[in-house]
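1. Quick one: sequence plus predicted model below, questions after.
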Amino acid sequence: MAQLRTLLVDDDADQRRLVRALLERAGIGPVIEASDADSGLAAATEHAPELILLDIEMPGRTGLEVLPDLLDAAPGARVVVLSNFPRRRLGAVALARGAVGYVEKRVEP
């Protein structure tokens, strides 16, 4: 099982619980949680995660706005965007800003 320091940035507490449970079941962790872009950036600076799972739609700065700053704060991290928006709408934008993947939240766990 992969042990990856993982940062999960999502304003929806239920989504964070679900994703955390899936990651832990897969043996991925430890998982650090943040509920908005600014706390996610602080956590990335403090914990140097290897994997960042990033929601797009959050209060304040969006995931797409903070994505480059997260990569600067944790240069070795790989960012996967998790979003309710269809991939065809924002996937290319996320990849252009440095994400390595884009997953629609509507898919089965």
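-> Great, that's in hand.
2. Which strands or helices does the helix or strand hosting L41 pack on?
-> L41 belongs to helix 37-47 when assigned by DSSP states H and E. Contact here means 3 or more CB pairs under 8 Å, 6 or more residues apart in numbering; DSSP states H and E; on that basis helix 37-47 packs against strand 6-9, strand 31-34, strand 51-55, helix 63-73. Glycine gets a C-beta too; all of them are placed from N, C-alpha and C.
3. and stretch 76-89, how far from the chain's centre?
-> Centroid displacement of stretch 76-89 relative to its chain, using CA atoms, centre = their mean, to the nearest Å, is 8 Å.
4. how about low-confidence regions in this protein?
-> Filtered on pLDDT under 70, the chain yields the residue ranges 1-2, 86, 107-109.
5. if you count residues, which helix in it comes out on top?
-> The residue-count maximum for a helix in the chain (DSSP state H) belongs to helix 13-25.
6. what comes up buried for that one?
-> 15-16, 19-20, 23 (16 or more other CB atoms under 10 Å).
7. and D10, how many residues sit next to it?
-> 27 (other CB atoms under 10 Å).
8. So which of the helices and strands packed on helix 37-47 is nearest R87?
-> Checking the helices and strands packed on helix 37-47 against R87 by CB to CB gives helix 63-73 as the closest, at 13.6 Å.
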